[in-house]
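In: Mind folding the following:
(one chain, ligands or ions: 1)
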Amino acid sequence: MMRKEIIHFNPILPKLDGEAVNYSQTKLESYVDYYQNRDQESDLSKVIYEVEYHENGLVEGTKGGLFLGISHVMPGTVGNEFYMTKGHIHQEKDTGEYYWGMKGRGLLLLVFEDGTYELEEVSQGSIHYIPGNTSHRLINIGTEKLSVGACWLTESGHDYVNCHFPVRVFKKGEKTFEVSNSTT
Ligand SMILES: [Fe+2]
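Out: Numbers count the residues shown, from 1 in each chain. Have a look, this model is predicted:
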C-alpha cells in the first residue's frame, strides 16, 4: 500500500504546501535558443519558470495514475518576446491534460496534429483541456507571475524535441501583444 503524503493548496500565493512537494526550476541558459532574439538577454542564470508538483510516490511511465502540479512563469521578455515554457508534447502522445489559470495573465499555445494552432487566454479561473497529440506551451503576457495548475497522467511523459511551435508572442506597447510566425 502506497503511503499517502498530505499536501495543501495555498490559494493566496498560489502554491502547494507540505513535505511531499517537489520543485524544478528552468533557467534561461537551458533553452535560450528557443527565443528569436536570444542575444538580447544577458542574465542567462535567471529562472524563467518553475514547477511544483505533488510527490505522490508514483513513477512516471507507469499507467493509471495522475500527477498534480503548478507551473509558475515569471514576467518578462527576451528581446521583446515574452517569457514562456519550453513547451512539450507527451511521450505517450495520445494522452490529454488539464490546465487551469490561478493567477496572472497568459496564453496557452496549443498545436494540433495537423499543424494548426490555437491560443487560449489564461487567467484566474480559466480551464483548459489539452487533447492528446497536442504540443502545449505557456506564455506569460502579463506583468506578474503566471501560475497555472495542471493534472496529467503518470504515463504521459514529456517530449521536448518532437514538438513544433509555429508562432511567437511579442510584447507590443504596455498591455498588448503581437503574434508572429516563427521562422525557426
Ligand atoms: Fe503536458
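
In: Now do the contacts for the residue nearest to G125 when sequence neighbours are not counted.
Out: Spatial nearest neighbour of G125, excluding adjacent residues (CB to CB, 6 or more residues apart in numbering): G101 at 6.2 Å. To be clear about C-beta, it is placed using only N, CA and C from the backbone, and glycine gets the same treatment. G101 makes contacts with 122-128, 147-149, as judged by CB atoms under 8 Å, 6 or more residues apart in numbering.

In: Let's see that with 6 Å instead.
Out: By CB atoms under 6 Å, 6 or more residues apart in numbering, the contact list for G101 reads 122-124, 126, 148.

In: Assumed it was part of a helix.
Out: No. Judged by DSSP: H, G, I helix; E, B strand; the rest coil, G101 forms no part of a helix; its state is strand.

In: from the contacts of G101, which ones fall inside strands?
Out: Here DSSP state E is the test, and the contacts of G101 give 122, 148 as lying in strands.

In: most surrounded residue in the contacts of G101?
Out: Compared across the contacts of G101, V122 has the highest neighbour count, 28 neighbours, by other CB atoms under 10 Å.

In: quick revisit: quick check, pLDDT for the residue nearest to G125.
Out: Note on G101: pLDDT of 98.

In: next one: E52
Out: For E52, the model assigns a pLDDT of 98.

In: What distance do you get for it to E29?
Out: With the distance defined as CB to CB, to the nearest Å, E52 ends up 21 Å from E29.
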